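>>> Structure for the following, please:
(chains A, B, C and D)
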Number of protein chains: 2
Amino acid sequence: MPVHQHIRVTADAVVLRFSSKEGMMVLLSKRSIPPHIFKWGLPGGFIRNDEPVEDAVHREIRDETGLRANYLEQFRTFGAPDRDPRGRVLCVAHIGLIKPTATKLIPGAGNKEARWYPVRELPQMAFDHATVIAAALDHLRIRMRNEPLAFELLEAKFPVSELEKLYEWLYGRPVDRRNFQKKIHNLGLLTTQQEKLKHPLQGRPAQLYSFNQERFNELKEKEEYIEIFS
Amino acid sequence: MPVHQHIRVTADAVVLRFSSKEGMMVLLSKRSIPPHIFKWGLPGGFIRNDEPVEDAVHREIRDETGLRANYLEQFRTFGAPDRDPRGRVLCVAHIGLIKPTATKLIPGAGNKEARWYPVRELPQMAFDHATVIAAALDHLRIRMRNEPLAFELLEAKFPVSELEKLYEWLYGRPVDRRNFQKKIHNLGLLTTQQEKLKHPLQGRPAQLYSFNQERFNELKEKEEYIEIFS
DNA sequence: TCAAAAGTGTTAGAAATACACCCATGA
DNA sequence: TCATGGGTGTATTTCTAACACTTTTGA
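Numbers count the residues shown, from 1 in each chain, chains lettered A, B, ... in the order given. Down below sits the predicted model:
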């Protein structure tokens, strides 16, 4: 039992927000202390001794931005010995997903500035956080084929086109609207809502849908393998 | 910067070995010290202050069993505050894959007993290691659909039936031999070897194949998505 | 009436599935 | 010659992919 081990551990989150107008945005906070002072980093920080890791992530996101991710999943731990100049610091990295309406940031006690940045136009990043963001997107790209994570990034009621644009953004290729609708409807994952989209900037108003979680659970029970997107 | 953080970190591995006769086996080592003395646990231990995480895993596996996994991948970090009675200990869990010939164990300095156990007949496990093993298999089940990890569990030259039985074991369902061969050959992942399997216990000798890594890399470059098994 | 986005169906090709008999070998 | 496991082809169905015009609305 090593009394001599001295490794610290942070819990950090790549919190993502999507809208078809702005694309995928990531939540960053500006560092106000060294190391990497004034660079931008992921919300996160040291885990408390008796605190569950997920709780630490939620706490840090709240403290730095006032937000709460409605989906949170650990995806990898970054542990290169030289990734932090202060000494050995492991980073348990998470993906957080949040609805597009979560735009208003309330920087907390730390007085740190927080901002949404387009994932494809990142500022100078602290530590290895650019790598962490890239890894988070790779992870999401794999998970979103089979898991209904897309719906965590959309409003409760959304037009199919928004879902489609999210997949187009993530996979970097155009998606055939007709085939996409066919597939998603055949799976039965969408429940038609009464309303239509009230204020399209222009064009025909879109039918709104919500994600049918029960239907997905049903599918998952009987089919071992569900492909939402190919 | 929390001088008061006191969290220790271990690197542990679920090292797996497969043969059609025995099924999937996991490498365990018997604890010789408290806590959980005399229960079985995953090979692993505390990371050194300046040691890369993967190096720590390899070192622990070697020290406890004399083996070296030919594939190693981190899959999750377990961090429940109460998972270790000694205090807060995070476990960065890995999957290790090893060839079926790696049967001989050389317990090292720690004098710990090490053994291969069938994954489906585990002894009483230390800590949350039963959960860790279950999570490793879930992870493997997802990864093996799209990544050529199966070949890390087979000899360099193997009959198709061995590959097929590996998939059957992992997904818990029978696989149609003809359709399986068709699919795997259409992908072009197998290179036919000169030899046939020399000593089948009975029956017609099987053609041997090796995994064609270059072909897989080629595929991965042009196709964004490769499905090895559905 | 125009611009903009939404909605929708058919066809051809590819892939997945289901299914059964013969072959090569050792005992 | 028998028992055992290896090797193989075809027909059916399902899924995927390609493709363009009409509808609804606000300006």
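
>>> ok, A:Ile133 - contacts?
Counting by C-beta atoms under 8 Å, 6 or more residues apart in numbering or on different chains, A:Ile133 touches A:14, A:26, A:42, A:119, A:122, A:125. To be clear about C-beta, it is placed using only N, CA and C from the backbone, and glycine gets the same treatment.

>>> The last one is in contact with A:Trp40, isn't it?
So that's A:Met125. Yes. A:Met125 lies in contact with A:Trp40 (C-beta atoms under 8 Å); the separation is 5.8 Å.

>>> What residues of stretch A:179-188 count as buried?
If you call a residue buried by 16 or more other C-beta atoms under 10 Å in any protein chain shown, then stretch A:179-188 has these buried ones: A:180-181, A:183-184, A:187.

>>> so does it get close to chain B?
No. If you take C-beta under 8 Å from any C-beta of the partner chain as the test, stretch A:179-188 misses chain B, and the best it gets is 14.8 Å.

>>> What separation do you get for the closest residue to DNA strand C within chain A and DNA strand D?
Relative to DNA strand C, the nearest point of chain A is A:Gly203 (2.4 Å; C-beta to the nearest atom of the strand). Going from A:Gly203 to DNA strand D by C-beta to the nearest atom of the strand, to the nearest Å gives 5 Å.

>>> What of A:Asp55?
According to C-beta to the nearest atom of the strand, A:Asp55 stands 39 Å off from DNA strand D.

>>> Likewise for A:Arg59?
41 Å.

>>> could you point out which element follows the longest strand seen in chain A?
Longest strand of chain A, by residue count under DSSP state E: strand A:8-19. For strand A:8-19, the following helix or strand on the C-terminal side (DSSP states H and E) is strand A:23-30.

>>> Show me which residues of that following strand are buried.
Residues of strand A:23-30 classed as buried: A:23-30 (neighbour count, 16+ other C-beta under 10 Å).

>>> Would you check which pair of those lies furthest apart?
Across the buried residues of strand A:23-30, the longest distance by C-beta to C-beta is 21.4 Å; it joins A:Gly23 and A:Lys30.

>>> Residues contacting stretch A:121-130, please?
The contact list for stretch A:121-130 (C-beta under 8 Å, 6+ apart) reads A:12, A:26, A:28, A:31, A:35-36, A:39-42, A:78, A:80, A:83-84, A:91, A:117, A:133.

>>> give me the element the residue of chain A closest to DNA strand C is part of.
If you go by DSSP H and E, A:Gly203 is not part of any helix or strand.

>>> Counting neighbours, what do you get for it?
Per other C-beta atoms under 10 Å in any protein chain shown, the neighbour tally for A:Gly203 reads 7.

>>> Next one: it relative to A:Leu170, how far apart?
A:Gly203 is 24 Å from A:Leu170, where distance means C-beta to C-beta, to the nearest Å.

>>> Please name the strands paired to the host helix or strand of A:Ala93 in the sheet, noting orientation.
If you go by DSSP H and E, A:Ala93 is part of strand A:89-97. Sheet pairing of strand A:89-97 (DSSP bridges) gives strand A:8-19 (parallel), strand A:71-78 (antiparallel).

>>> and the angle from that strand to strand A:23-30?
Interaxial angle, strand A:89-97 versus strand A:23-30 (axes from the mean of the first three to the mean of the last three C-alpha atoms, to 10 degrees): 140 degrees.

>>> Centre of the chain to strand A:89-97, how far?
Chain-centre distance of strand A:89-97: 11 Å, with C-alpha atoms, centre = their mean, to the nearest Å.
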